[in-house]
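*Asks:* need a 3D model of the sequence below.
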Amino acid sequence: MSALEKLISILTPTLKEQLYGVGGAIRDHILKGHGAATATGDIDLACSMPPKAMREAFEQIGLKVIPTGWKHGTITVLSGDQKYEITSFRSEKGYSDFRHPDEVVFNVTLEEDLSRRDFTMNALAIPLARMLDESWDSFLVDPFGGRKDIHQNLIRCVGNPNERFTEDPLRMLRACRFASQLDFQIHPLTLEAMAIKANLIRHVSRERIVDEINKLLVTNNPKGFQVAIKTGLLDEIFETKTLCRTYSKNQPLRIKESCSLGERWFLLLDWVTKAHDMNSQKTHFDQFLNKFPLANRESDLIRSLFESQSIISTIDQHASFQTEEEIYKLRLVLSQIKQQGLDPLCFLRVHSVAVPLLNDLESSWVKVLSTNPPLLIDDLSLKPAKIIEFYQLTPGSWIRSVQDFLLDHVLRKPHDNNEVTLMNLLHHFKITA
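*Replies:* Have a look, this model is predicted:
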């Protein structure tokens with residue numbers, strides 16, 4: 001028995017009649033176009049009861065209820081290992097903070113409840129008791145033509161798009177994300193409203209914007225960013241006036257599918273930085289990066305990737321890496337990259353977007369890296385204590401000059417990275433004051 005079947009089996013007849021599956025799970029099932037609903041805890045539910053009566057009804061059948069969004073009529077019901085977010089039918093008025101309604105009204109109809117949702121494809125409902133029927137979509141509640149829009153691969157706002165975007169400007173970025181995720185087109189009137197209301201995105205918290213951009217970055221479909229650029233949404237997010245729109249005409253934003261999320265963030269930020277000002281990239285890159293509350297590990301990776309761009313000019317992109325001298329130079333580059341705290345293949349993966357010739361180096365890099373050569377001072381077999389003992393000096397910055405000498409040697413001759421050989425090399429290096 002599925003989690004949804006278990007939930008339905010313990011509901012009272014009254015609850016069964018007043019609960020509906022709503023939103024994205026319904027949309028996604030229509031997209032799949034087959035069978036009964038299989039959704040578990042990821043399905044949102046709506047209830048015709050007001051919040052207090054709804055909460056009491058679930059507690060009376062022995063389920064734990066958490067008032068997660070009580071002010072807005074939302075509770076979370078725990079059924080076995082599953083969590084169900086359930087919200088009373090409601091209408092909303094006023095959005096002075098561009099996200100939360102100033103007033104919430106309960107005891108409204110299902111159609112009124114669906115009318116407050118963002119897009120027609122999400123303004124759908126199915127009676128919960130019918131969701132396990134093979135023909136459950138024949139009971140679809142669809143007052144705004146959502147099913148037709150889904151079949152036509154169309155994203156369209158419910159009602160007046162200017163009003164929907166004023167209520168919550170993040171919906172514009174969600175439209176971009178859905179365009180990429182689903183490979184849908186955005187309705188002309190909805191697209192026009194996005195261009196008109198794009199400036200309102202500045203009222204949205206950076207945390208919410210990051211969450212939405214994360215989802216957009218991993219879609220592997222450029223459509224969403226193309227819309228964000230065309231409507232001016234990206235310029236508003238980064239406060240770059242019209243520079244992204246102008247720059248994109250000759251330099252389209254490219255996100256590489258093989259890149260991690262942090263690497264994709266770098267590609268986005270680097271592109272926006274170049275769109276803003278090619279002459280003051282470091283300053284503007286830091287400004288753009290600091291706008292977004294990314295995890296420290298992600299921010300460090302992004303900064304390292306930016307700083308590592310200077311290494312590109314040291315690489316002979318046409319070398320065959322067959323001679324000892326060429327292979328030494330490659331190890332030197334790999335060492336520089338590692339010193340930046342980067343995986344050399346990450347470096348290659350990301351920077352090949354701007355410099356496609358770097359793609360041709362991958363096999364050579366992989367071949368060299370597979371031998372696990374010493375690339376960092378920490379890889380040297382001779383430790384600092386032995387160096388200090390050899391020279392009979394007090395510890396100091398001079399040690400680093402010795403280590404640099406040894407590292408350069410083993411970059412040329414990796415097999416010499418053993419304590420005996422490196423100790424013998426110390427006879428050829430004199431400490432300068």
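*Asks:* who's in contact with Gly94?
*Replies:* By CB atoms under 8 Å, 6 or more residues apart in numbering, the contact set of Gly94 is 101-103. To be clear about C-beta, it is placed using only N, CA and C from the backbone, and glycine gets the same treatment.
*Asks:* among these, name the buried ones.
*Replies:* If you count burial by 16 or more other CB atoms under 10 Å, the buried members of the contacts of Gly94 come out as Pro101.
*Asks:* which one of the contacts of Gly94 is nearest to Glu257?
*Replies:* Pro101 (39.0 Å; CB to CB).
*Asks:* host element of the residue nearest to the closest one when sequence neighbours are not counted?
*Replies:* Spatial nearest neighbour of Pro101, excluding adjacent residues (CB to CB, 6 or more residues apart in numbering): Glu92 at 3.4 Å. Per DSSP states H and E: Glu92 is located in strand 91-93.
*Asks:* what of Leu31?
*Replies:* For Leu31, the enclosing helix or strand under DSSP H and E is helix 24-32.
*Asks:* so what secondary structure elements neighbour that helix?
*Replies:* helix 146-151 (3 or more CB pairs under 8 Å, 6 or more residues apart in numbering; DSSP states H and E).
*Asks:* list the buried residues of the helix it packs on.
*Replies:* Buried residues in helix 146-151 (16+ other CB under 10 Å): 146-147, 149-150.
*Asks:* after the helix holding Leu31 comes which helix or strand?
*Replies:* Helix 24-32 is succeeded, C-terminally, by strand 44-47 (DSSP H and E).
*Asks:* I'd like the next helix or strand past that next one.
*Replies:* With secondary structure assigned by DSSP H and E, strand 44-47 is succeeded by helix 51-60.
*Asks:* for the record, mean pLDDT for that following helix?
*Replies:* The predicted model assigns helix 51-60 a mean pLDDT of 95.
*Asks:* what's the burial count for the closest residue in space to Ser320 that isn't next to it in sequence?
*Replies:* Nearest residue to Ser320, sequence neighbours excluded (CB to CB, 6+ apart): Glu326, at 6.9 Å. Neighbourhood size, Glu326 [other CB atoms under 10 Å]: 14.
*Asks:* same deal with Phe390?
*Replies:* Other residues lying near Phe390 total 14 when counted by other CB under 10 Å.
*Asks:* do a quick rundown of the strands in the stretch 51-200 of the chain.
*Replies:* Assigned by DSSP state E, counting those that start in this stretch, the stretch 51-200 of the chain shows strands spanning 64-69, 74-79, 82-88, 91-93, 103-105, 125-127, 154-155, 185-186.
*Asks:* would you turn those strands into TSV with mean pLDDT and distance to Leu301?
*Replies:* Below are those laid out as TSV (pLDDT from 0 to 100; distance: least, CB to CB, whole Å):
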stretch	mean pLDDT	distance to Leu301
strand 64-69	94	34
strand 74-79	93	35
strand 82-88	92	33
strand 91-93	86	40
strand 103-105	89	42
strand 125-127	93	43
strand 154-155	98	33
strand 185-186	98	32
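*Asks:* which intervals of this protein have sub-threshold pLDDT?
*Replies:* Residues of the chain that meet the criterion pLDDT under 70 lie in 1, 34-42, 433.
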